[in-house]
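Enquirer: this one's structure only:
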């Protein structure tokens, strides 16, 4: 495979492509337990370390990772992003450099349905530099005049330096058109939008049928590009940085890439924390984070019990510990609610929730600490936790989920949670606001507030 990915708006083309192996460990991604925090179940994370990007393929039918760079472009997997998160670091010391990491498919196993690969696809990046997603495609154009030997020729596709008859190559990439300084930006790659002067979208770097290589900030939809192809195959998918301004930040970070049903996380696979939370299970990441954050140590038998429902007092205790990492437990000298005596094990945390405006209790002056927290009420807690000093919950004008009526007590906060990506509801389009919240789902909700 000769022709590789291009980055940014650079006009350079890489020629060194083959390097890297996906020698990685599978673990749970933690986005969706049915009826809990998310919608459709998400496949386990695949953790990709630095060695996986430089190792050779294991066999002729195995996908593999590779690094491609020009000049002094470089990559590494490190925990030196702005917030210490382990991420892929792509560096271009000068404006003329490019740096790309991609996952290549072997010749005999190249996918032929790019929209299916990109269904639910995304990537998460940061940095004051152009970080884009790229798909390298080999294709036969519908119109021969746009083929390698046509009157408006495309770029000739090659494998092992040998030209492939009547076959073109092009990089169809998502250009976000935005930096992400000191923040993680998640890009939805399932959007079928063209790059414009003001908004991110798809663009091509080489001729695709009637669409020539575009100028800056010009593109067409993915559907339009694929519509120019009689047939095609996907050679690789990856991320790249390039075309930075002189004096700007030379580094871009990519925390994760999701496509083809897998989420590729850059860094070492974490170690199992609780015996009943396997590394291949849903919500593993969020529960591990909750543990390392000091919000929970699990039960005395070493378990976490992810499917156990959470009480109102326990949910508040989780939130307090996350807001006060490493701090001592609060004391309680005055009962905050009529049914929370000072002898209650969570009196201090509940008193904090009341004084902070996170919980106002019930109209009869009670808190009902031992009652199971309902999904709707949990969103109200999280909303107030995220909006210090706010005393009034938002309203809503349309149903965020099929079973959340307008108006209803928690419609506004449920709509906020959906918009903010804290919840995607259930696979059947419902939210079940009166349903319980499991310990695993609590970890997911809190993770998306504090670290997501």
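Expert: On my side now, so go ahead. Bear in mind the structure is a predicted one, so any value in this text is a computation, not a measurement.
Enquirer: what about the helices in the stretch 201-350 of the chain?
Expert: Counting by DSSP state H, counting those that start in this stretch, the segments of the stretch 201-350 of the chain that form helices are 222-226, 284-292, 312-323, 347-355.
Enquirer: tell me, how many neighbours does residue 84 end up with?
Expert: 8 (other Cβ atoms under 10 Å). (Each C-beta comes from the backbone N, C-alpha and C, glycine too.)
Enquirer: now do residue 387
Expert: Residues near residue 387, counting by other Cβ under 10 Å, number 16.
Enquirer: Point out where the stretch 201-350 of the chain drops to low pLDDT.
Expert: 215-217, 243-248 (pLDDT under 70).
Enquirer: picking up where we left off before, next, format the helices of the stretch 201-350 of the chain as CSV and append mean neighbour count and distance to residue 394.
Expert: Shown next, in CSV, are these (neighbours: other Cβ atoms under 10 Å; distance: least, Cβ to Cβ, whole Å):
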stretch, mean neighbour count, distance to residue 394
helix 222-226, 19, 35
helix 284-292, 23, 25
helix 312-323, 22, 19
helix 347-355, 22, 19
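Enquirer: Looking at these, which is nearest to residue 112?
Expert: Closest approach to residue 112 among the helices of the stretch 201-350 of the chain (Cβ to Cβ): helix 222-226, 10.7 Å.
Enquirer: Are there helices or strands packed against the closest one, and which ones?
Expert: Helix 222-226 makes packing contacts with helix 114-118, strand 162-175, strand 201-204 when contacts are defined by 3 or more Cβ pairs under 8 Å, 6 or more residues apart in numbering; DSSP states H and E.
Enquirer: Starting from residue 249, give me the distance back to the nearest residue to residue 50 once chain neighbours are set aside.
Expert: Spatial nearest neighbour of residue 50, excluding adjacent residues (Cβ to Cβ, 6 or more residues apart in numbering): residue 77 at 4.2 Å. Remark: distance between residue 77 and residue 249 (Cβ to Cβ, to the nearest Å) = 18 Å.
Enquirer: ok, the two, which is more surrounded?
Expert: residue 77 (21 against 16).
Enquirer: returning to what we had before: let's have the helices and strands packed on helix 222-226 in CSV, adding mean neighbour count and distance to residue 219.
Expert: Output for the helices and strands packed on helix 222-226, formatted as CSV (neighbours: other Cβ under 10 Å; distance: least, Cβ to Cβ, whole Å):
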stretch, mean neighbour count, distance to residue 219
helix 114-118, 17, 15
strand 162-175, 21, 7
strand 201-204, 24, 3
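Enquirer: Using CSV, please lay out those together with distance to residue 134.
Expert: Output for these, formatted as CSV (distance: least, Cβ to Cβ, whole Å):
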stretch, distance to residue 134
helix 114-118, 12
strand 162-175, 4
strand 201-204, 10
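Enquirer: Using JSON lines, lay out the helices of the stretch 201-350 of the chain together with distance to residue 53.
Expert: Below are the helices of the stretch 201-350 of the chain laid out as JSON lines (distance: least, Cβ to Cβ, whole Å):
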{"stretch": "helix 222-226", "distance to residue 53": "26"}
{"stretch": "helix 284-292", "distance to residue 53": "21"}
{"stretch": "helix 312-323", "distance to residue 53": "33"}
{"stretch": "helix 347-355", "distance to residue 53": "44"}
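Enquirer: Any idea which of the ones you listed gets closest to residue 335?
Expert: That would be helix 347-355 among these, by Cβ to Cβ, at 7.2 Å.
Enquirer: Could you figure out how far the closest one is turned away from helix 312-323?
Expert: Angle of helix 347-355 versus helix 312-323, following axes from the mean of the first three to the mean of the last three Cα atoms, to 10 degrees, is 80 degrees.
Enquirer: Of all the helices and strands packed on helix 222-226, which one is nearest residue 439?
Expert: Once the helices and strands packed on helix 222-226 are compared by Cβ to Cβ, helix 114-118 is nearest, at 33.3 Å.
Enquirer: Give me the next element, helix or strand, following that closest one.
Expert: Heading C-terminal from helix 114-118, the first helix or strand you meet, by DSSP states H and E, is strand 122-127.
Enquirer: which residues of the stretch 151-300 of the chain fall in strands?
Expert: 155-159, 162-175, 180-188, 201-204, 229-242, 251-259, 262-266 (DSSP state E, counting those that start in this stretch).
Enquirer: Take these and write them to JSON lines, including distance to residue 138.
Expert: Formatted as JSON lines, these follow (distance: least, Cβ to Cβ, whole Å):
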{"stretch": "strand 155-159", "distance to residue 138": "4"}
{"stretch": "strand 162-175", "distance to residue 138": "5"}
{"stretch": "strand 180-188", "distance to residue 138": "24"}
{"stretch": "strand 201-204", "distance to residue 138": "14"}
{"stretch": "strand 229-242", "distance to residue 138": "5"}
{"stretch": "strand 251-259", "distance to residue 138": "18"}
{"stretch": "strand 262-266", "distance to residue 138": "22"}
